[in-house]
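In: Provide a 3D model corresponding to the input given below.
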Amino acid sequence: MGTDSYLEYFSRNRGLFQPEEQERIRKATVLIIGLGGVGGTVATLLARSGVSHFILVEFDRFEPTNMNRQVFCFTDTLGRNKAEAAGEYLRKINPEAEVEVHPRLLSREEVLILARRADLVFPAADDFAFSLLCFRGVQEMGKTALLVVPSGLWACVSIIRPDGPSAESIHGVPRGLDYEGLKEIFTEKRYKLATYYNYVIQGRWEKDYYRDFIEEGRPLTQIAPVVWLASSLGAWEALKFLTGKEKAVSAPRYYWVSRKGVSVQRLYGLNLNTLFILQRRFWWKLLQGPFGKVSERLEMFWWSRAKGK
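Out: Numbering: from 1, shown residues only. Just a heads-up that it's a prediction; the model follows:
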């Protein structure tokens, strides 16, 4: 496909983007780590906007539970590597696109080597601890990253710039932890209780599912409308960053999606999410001391009462 075909395919962008802005989109390189719900959707939206250079990293394969939200999951892609399937579809959208696929588990160091060639990095791995380490490394090397995290009816979206707050700050996660420390946070039953406001109050999770999430390790509940909405917001912010068309919503500002709608909030602003962030950050410190045992007893009592309702 030559220049004329490219301009024809993306000619409907012209009412919003000037030719020089569309050329920036065309030349941009985007690294996406994780081609699941948000990773695959953002990749699709950017490809349909004219981005022509992708680096895709994903070791996982499609399974039936992905069908409800992942754009590249079809009956004929079940069992296939997600990055390879995504690469094929992106080339069908734009045959000119250069898509580099890494269909295996990469280390953080390998990901950061790839990030050197990217204009924008999108850590979207199912392993959020690994994604946070990638965010940290990308920020340290002076690159800009995209944050999109949805669950239930809740989502958080922002651009993470080198000179701005970290992704860890947006989520109230203690800073500077290694991979094992971050994994402990996301798997520790007592610490998971600090997600009640986001997941049950804002995200409208069913309480029995949330209880199983705490006690049995069930995965985050996700539905296509919210995953795709959050991904659309993320893709738009990515395009704003790549073109300079408008000022992107970047940390300390972020999109807050909940059952009440979509708003732009500010880190540590006068909003309820600030309480959530502080709760998570200081709750973890409390759990490291003697209070942790007391908390565990209170939790067991709370669950015993909740089960009877």
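In: CA atoms for contacts and neighbours, from now on please.
Out: Fine.
In: for I33, give me its contacts.
Out: When contacts are counted by C-alpha atoms under 8 Å, 6 or more residues apart in numbering, I33 touches G39, L56, V57, E58, V121, F122, P123, A124, A125, S131.
In: pull the distance from the host helix or strand of the fifth one to the chain's centre.
Out: V121 is part of strand 120-123, with elements assigned from DSSP states H and E. The chain centroid and the centroid of strand 120-123 are separated by 9 Å, computed with C-alpha atoms, centre = their mean, to the nearest Å.
In: on contacts alone, who are the packing partners of that strand?
Out: Other helices and strands packing on strand 120-123, by 3 or more C-alpha pairs under 8 Å, 6 or more residues apart in numbering; DSSP states H and E, are strand 29-33, helix 128-140, strand 145-151.
In: tabulate the contacts of I33 (TSV), appending pLDDT.
Out: Putting the contacts of I33 into TSV (pLDDT from 0 to 100) gives the following:
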residue	pLDDT
G39	98
L56	98
V57	98
E58	98
V121	98
F122	98
P123	98
A124	98
A125	97
S131	97
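In: tilt between whatever helix or strand A83 lives in and strand 29-33?
Out: According to DSSP H and E, A83 maps onto helix 82-93. Counting by axes from the mean of the first three to the mean of the last three C-alpha atoms, to 10 degrees, helix 82-93 lies at 150 degrees to strand 29-33.
In: list the contacts of helix 82-93.
Out: By C-alpha under 8 Å, 6+ apart, the residues outside helix 82-93 that reach it are 34-36, 40, 43-44, 47-48, 56-62, 72, 77, 97-103.
In: recalculate using a threshold of 7 Å.
Out: Outside helix 82-93, the residues within contact range by C-alpha atoms under 7 Å, 6 or more residues apart in numbering are 35, 40, 44, 47-48, 56-58, 60-62, 72, 97, 99, 101, 103.
In: quick one, helices of the stretch 151-300 of the chain?
Out: Secondary structure of the stretch 151-300 of the chain (DSSP state H, counting those that start in this stretch): helices located at 167-170, 179-187, 189-192, 196, 207-215, 224-243, 272-287, 291-307.
In: before we move on, the earlier item: can I get the strand holding V121 in PDB, CA atoms only?
Out: Coordinates of each C-alpha in strand 120-123 appear next as PDB, following Å, rounded to 0.1, in the frame of the first residue of the first chain:
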ATOM      1  CA  LEU A 120       4.800   5.600  23.500                       C
ATOM      2  CA  VAL A 121       4.700   2.500  25.800                       C
ATOM      3  CA  PHE A 122       1.600   0.800  27.000                       C
ATOM      4  CA  PRO A 123       2.200  -1.700  29.800                       C
END
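In: returning to what we had before: which of the contacts of helix 82-93 lies closest to L233?
Out: The closest of the contacts of helix 82-93 to L233 turns out to be T44 (C-alpha to C-alpha; 13.1 Å).
In: so which elements touch the helix or strand hosting that closest one?
Out: When elements are assigned from DSSP H and E, T44 belongs to helix 37-49. Under the contact criterion of 3 or more C-alpha pairs under 7 Å, 6 or more residues apart in numbering; DSSP states H and E, helix 37-49 touches helix 82-93, helix 224-243.
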